[in-house]
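Engineer: got a predicted structure here, sequence first:
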Amino acid sequence: AAPAAAENVTITTDVVKATLSSLGGDLVRLELLTQADDHDPNKRVVLFDRSAERTYLAQTGLVSATGAPLPTHLTPMTVAPGARELKDGNELQVRFESAEVNGVQLVKTYTFRRGEYTVGVRHEVINRSAAPVAPQLYLQLVRDNKALPGGSSFYSTFTGPAVYTDVKKYQKVDFKDLAKGTADFEKRADSGWVAMVQHYYASAWLVNQPQPREFRSAKLAEDLYSIAMVLPLGEVAPGATKAQDTQLFAGPQEEKRLEAIAPGLELVKDYGYFAILSKPLFWLLDKLHSVLKNWGWSIIALVVLLKIAFYWLNANAYKSMAKMKAVNPRVQELRERYKSDPQKMQTEMMRIYREEKVNPLGGCLPIFIQMPFFIALYWVLLSSVEMRNAPWLGWITDLSAKDPFYILPLLMTASTLLQTWLNPTPPDPTQAKMMWIMPLVFSVMFFTFPAGLVLYWLTNNLLSIAQQYVINKRLGVTK
């Protein structure tokens, strides 16, 4: 913790409220003014924090390859006077000057801009000693490994450090691997960035111009970890000054904004294993939202488009299920007749399937082909910060939170049971019972899922039921 003598400076823009410490010029607290807290709408999301509950900091400083002391994030700094609130202008600067360490001074200037979560951080190394120095600048994110409040035991997204380079691309670094000292990621490159990722939000140190850099990670304490990018600054002659411009992003994972800031930064948005499908689905969802102006209706419209795209696959699956349902009474009669001769029963069942041109697996394959797309859409809705505080209609005022009255989960359960009723009953009594039990067990999860996810599944269920009902009726298969 910072000593009592450290001075805190609070900077306020239209989107952030940042607290900087004169001890090293660290960013020790960051409040996102556009993001309401999950539990108290009158409060705002706090990303960086140094308190009894959490530790999450952005730090920078100098190190020397020879081990000679230089100004670090623990070196006291003085704060230059100036404005602390962005009012009429478009940017606001805060300047920190360190004390000299071995004749070397570090000057750190933060530049906050209107409407941006990216802060410019300029580092100037002033060599007032009689000998040249070759400092290295480290850009570091420090965070504990505590779970985020309000999470669910039924789903989770990645929380932890990440490294990106042009060669190895996006590499997650698990806290457990850091604790064991087995974290594996590219250690040196001429490009890339380091980040700390959590659900909906991320922070990242960025240097977009090509230059050599090293990536380091460490376990600092029992539950405290760091990810850092180290930049050799070259030799600084006596009396000379060398500057290095960097950027610190800290804010919501808004995909379009991230893509514009740095190559690959949008990858901090966790799509799981289906990113190759999730990205185009989010693009389409975003296009629908630009027309409909409501994320709830956009979700419904996207599911409708997917059902249209897979209409013939679904039609074939439901036709196969309808045929299975039509021959089910004959299959049940065979089971009773040949229950003491399983081999004969199996032979007769296959004969019926051949005569009626029924494929027992015909209803599974088309659905199996579609599953990656719907799982990818699941991750889009789970990971998109755009859904936070986004209303749909009536009682659904936040698509990222669970339904406060559980209306959508109850409708989801009812639709799942109706869909089960429309499906053919398995010949085996145990399987038949499980066919009804599993939807009920599965539906329990939806009572804790975000409303946007439940809306997506409910829409998909209702459209599937409608198509299945029409096909069953057309083939004369009704109860």
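Structural biologist: Looks like it arrived, so ask away.
Engineer: show me where the stretch 201-350 of the chain has helices.
Structural biologist: 255-261, 275-292, 295-309, 311-337, 342-355 (DSSP state H, counting those that start in this stretch).
Engineer: dump the third one to PDB, keeping only the CA atoms.
Structural biologist: Output of helix 295-309 as PDB, limited to C-alpha atoms (Å, rounded to 0.1, in the frame of the first residue of the first chain):
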ATOM      1  CA  TRP A 295     -30.600  -5.300 -28.700                       C
ATOM      2  CA  GLY A 296     -33.500  -7.500 -27.600                       C
ATOM      3  CA  TRP A 297     -35.300  -7.300 -31.000                       C
ATOM      4  CA  SER A 298     -31.900  -7.700 -32.700                       C
ATOM      5  CA  ILE A 299     -31.300 -11.000 -30.900                       C
ATOM      6  CA  ILE A 300     -34.800 -12.200 -32.000                       C
ATOM      7  CA  ALA A 301     -34.100 -11.100 -35.600                       C
ATOM      8  CA  LEU A 302     -30.700 -12.800 -35.700                       C
ATOM      9  CA  VAL A 303     -32.200 -16.100 -34.500                       C
ATOM     10  CA  VAL A 304     -34.900 -15.800 -37.200                       C
ATOM     11  CA  LEU A 305     -32.200 -15.300 -39.800                       C
ATOM     12  CA  LEU A 306     -30.300 -18.300 -38.600                       C
ATOM     13  CA  LYS A 307     -33.500 -20.500 -38.700                       C
ATOM     14  CA  ILE A 308     -34.200 -19.300 -42.200                       C
ATOM     15  CA  ALA A 309     -30.600 -20.100 -43.200                       C
END
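Engineer: L106 contacts L74, doesn't it?
Structural biologist: No: L106 is not in contact with L74 according to C-beta atoms under 8 Å; the separation is 11.8 Å. Bear in mind the C-beta positions are built from the backbone N, C-alpha and C, glycine included.
Engineer: what is in contact with these two at once?
Structural biologist: Applying C-beta atoms under 8 Å, 6 or more residues apart in numbering, one finds that L106 and L74 are jointly contacted by G61.
Engineer: neighbour-wise, which of the two wins?
Structural biologist: Set L106 next to L74 and count neighbours by other C-beta atoms under 10 Å: L106 wins out with 27 against 11.
Engineer: what helices or strands is the helix or strand encompassing the more buried one leaning on?
Structural biologist: Taking DSSP states H and E as the criterion, L106 maps to strand 104-113. Applying 3 or more C-beta pairs under 8 Å, 6 or more residues apart in numbering; DSSP states H and E, one finds that strand 104-113 makes contact with strand 16-21, strand 55-64, strand 91-98, strand 118-127.
Engineer: tell me the angle of the last one relative to strand 55-64?
Structural biologist: Put plainly, it is strand 118-127. Here the directions of strand 118-127 and strand 55-64 differ by 30 degrees (axes from the mean of the first three to the mean of the last three C-alpha atoms, to 10 degrees).
Engineer: quick check: next helix or strand after strand 118-127?
Structural biologist: Going down the chain from strand 118-127, the next helix or strand is strand 135-144, by DSSP H and E.
Engineer: so for that next one, mean pLDDT?
Structural biologist: For strand 135-144, the mean pLDDT works out to 98.
Engineer: can you name the residues in contact with the next helix or strand after that strand?
Structural biologist: Counting by DSSP H and E, the next helix or strand C-terminal to strand 135-144 is strand 160-165. For strand 160-165, contacts defined as C-beta under 8 Å, 6+ apart pick out 141, 143, 145, 170-175, 178, 185-186, 189, 191-197, 215, 217, 225, 227, 263-265, 267-268.
Engineer: next one: stretch 41-60
Structural biologist: Stretch 41-60 has contacts (C-beta under 8 Å, 6+ apart) with 1-2, 17-18, 24-37, 73, 108, 121, 123, 137-144, 146, 196, 201, 203, 205, 224, 246, 248, 250-251.
Engineer: swap in 7 Å and give it another go.
Structural biologist: Applying C-beta atoms under 7 Å, 6 or more residues apart in numbering, the external contacts of stretch 41-60 come out as 24, 26-33, 35-37, 73, 108, 121, 123, 137-144, 146, 201, 203, 224, 248, 250.
Engineer: any regions of the stretch 201-350 of the chain where pLDDT drops low?
Structural biologist: Residues of the stretch 201-350 of the chain that meet the criterion pLDDT under 70 lie in 314, 317-318, 321-323, 325.
Engineer: can you rerun that using 90?
Structural biologist: Residues of the stretch 201-350 of the chain that meet the criterion pLDDT under 90 lie in 222, 270-275, 307, 309-350.
Engineer: re the thing from before, can you redo the helices of the stretch 201-350 of the chain as a markdown table with distance to Q467 and mean neighbour count?
Structural biologist: Output for those, formatted as a markdown table (distance: least, C-beta to C-beta, whole Å; neighbours: other C-beta atoms under 10 Å):
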| stretch | distance to Q467 | mean neighbour count |
| --- | --- | --- |
| helix 255-261 | 32 | 16 |
| helix 275-292 | 21 | 17 |
| helix 295-309 | 8 | 19 |
| helix 311-337 | 6 | 17 |
| helix 342-355 | 23 | 13 |
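Engineer: columns distance to V133 on top of the ones you listed, output as TSV?
Structural biologist: Shown next, in TSV, are these (distance: least, C-beta to C-beta, whole Å):
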stretch	distance to V133
helix 255-261	32
helix 275-292	44
helix 295-309	53
helix 311-337	67
helix 342-355	82
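Engineer: for L411, which of the ones you listed is the nearest?
Structural biologist: Among the helices of the stretch 201-350 of the chain, helix 295-309 comes nearest to L411, with 13.4 Å by C-beta to C-beta.
Engineer: returning to that earlier point: please save the CA atoms from the strand holding L106 in PDB.
Structural biologist: The C-alpha coordinates for strand 104-113 follow below in PDB (Å, rounded to 0.1, in the frame of the first residue of the first chain):
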ATOM      1  CA  VAL A 104      18.300   9.800 -13.800                       C
ATOM      2  CA  GLN A 105      14.900  11.500 -13.700                       C
ATOM      3  CA  LEU A 106      11.700  10.000 -15.100                       C
ATOM      4  CA  VAL A 107       8.900  12.400 -16.200                       C
ATOM      5  CA  LYS A 108       5.500  10.700 -16.900                       C
ATOM      6  CA  THR A 109       2.700  12.600 -18.600                       C
ATOM      7  CA  TYR A 110      -0.800  11.200 -18.800                       C
ATOM      8  CA  THR A 111      -3.100  12.600 -21.600                       C
ATOM      9  CA  PHE A 112      -6.900  12.000 -21.100                       C
ATOM     10  CA  ARG A 113      -9.100  12.600 -24.100                       C
END
